[in-house]
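Asker: Predicted coordinates and the sequence they were generated for:
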Amino acid sequence: MARVLLVEDSARVADTVGEAMRARGHSVVVAGGVHAADVALAAGPFDIAVVDVGLPDGSGLDWCRTVRGSDHQMPILVLTARNDVADRVAGLDAGADDYLGKPFSLDELLARVRALCRRGPRWTDSVRRFGRVVVDRDQRVVSVDGQRLPLTARELDVVAVVSSREGRVVPRDELLEAVWGESGERAAASLDVLLVRIRRKLAEYGVRDALRTIRQVGYTWSLERSKPG
């Protein structure tokens, strides 16, 4: 079961969500604002953070950006009362791995938490090298020339799944199921945003066309795996 950091200023929501999570075996720490979340995170670690956007002492999205800037790799699920495309993109760009609009059902929230806590496919070897690019599944790190890329947990899972096929095509629905646990429109929209971000981050380190789209089919990893020795 997961150790959850729930950042929510509404006592009613925090009590309801916390009780539902604990009933399913999760350990939950509740923080009522940004400062309390920082204190809790320093005493962590956590497997996942569930964060409300509107907090009394700051923005949940700003907190996400700070967390990502300090290299925390835990998945982040954002709770927001606004649910249009621009707000969803803003959440993902802030470093969130998923979003859930209010009001939400507890069953859906718990399903999202389960999906985010999954680590994706197991590798028989934890480190795979593709020339300048190294994907370390156990350490959950992608690096270029020894420099760590600032990938979110879900971005890393996308890279891990596609690169594990070493040039073979990963069908779009299969990638969605492996990383999100579903293949619906919401997950597909998130994938499109994440692919843009992953490619941008790789390009900033001089790596282009590593993650290719095969139209109407899926995705492939174009970098060849380095031979040992």
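Answerer: Yes, it's here.

Asker: only C-alpha atoms for contact and neighbour calcs from this point on.
Answerer: OK.

Asker: All the strands of the chain, residue numbers only.
Answerer: Counting by DSSP state E, the chain has these strands, from start to end: 3-7, 27-31, 48-52, 54-55, 58-59, 76-80, 98-101, 127-130, 133-136, 141-144, 147-148, 170-171, 211-214, 218-221.

Asker: Give me the domain ranges for the protein.
Answerer: Domain segmentation of the chain under automatic domain parsing yields 3-117, 127-221.

Asker: can you list these in JSON lines and add mean neighbour count?
Answerer: Output for these, formatted as JSON lines (neighbours: other C-alpha atoms under 10 Å):
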{"stretch": "domain 3-117", "mean neighbour count": "18"}
{"stretch": "domain 127-221", "mean neighbour count": "18"}
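
Asker: now these in CSV, with mean pLDDT and distance to residue 227?
Answerer: Shown next, in CSV, are those (pLDDT from 0 to 100; distance: least, C-alpha to C-alpha, whole Å):
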stretch, mean pLDDT, distance to residue 227
domain 3-117, 87, 29
domain 127-221, 89, 8
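
Asker: before we move on, the earlier item: nearest to residue 70, out of the strands of the chain?
Answerer: Distance to residue 70, taken as C-alpha to C-alpha, is lowest for strand 147-148 among these, at 12.1 Å.

Asker: Please enumerate the helices of this structure.
Answerer: Applying DSSP state H to the chain gives helices spanning 11-23, 34-42, 60-69, 85-93, 106-117, 153-163, 172-180, 185-204.

Asker: For residue 92, give its distance to residue 101.
Answerer: As judged by C-alpha to C-alpha, to the nearest Å, residue 92 and residue 101 stand 13 Å apart.

Asker: Then residue 142?
Answerer: Remark: distance between residue 142 and residue 101 (C-alpha to C-alpha) = 31 Å.

Asker: Centroid-nearest residue for this structure?
Answerer: Residue closest to the mean C-alpha point of the chain, counted by C-alpha atoms, centre = their mean, is residue 154 at 2.9 Å.
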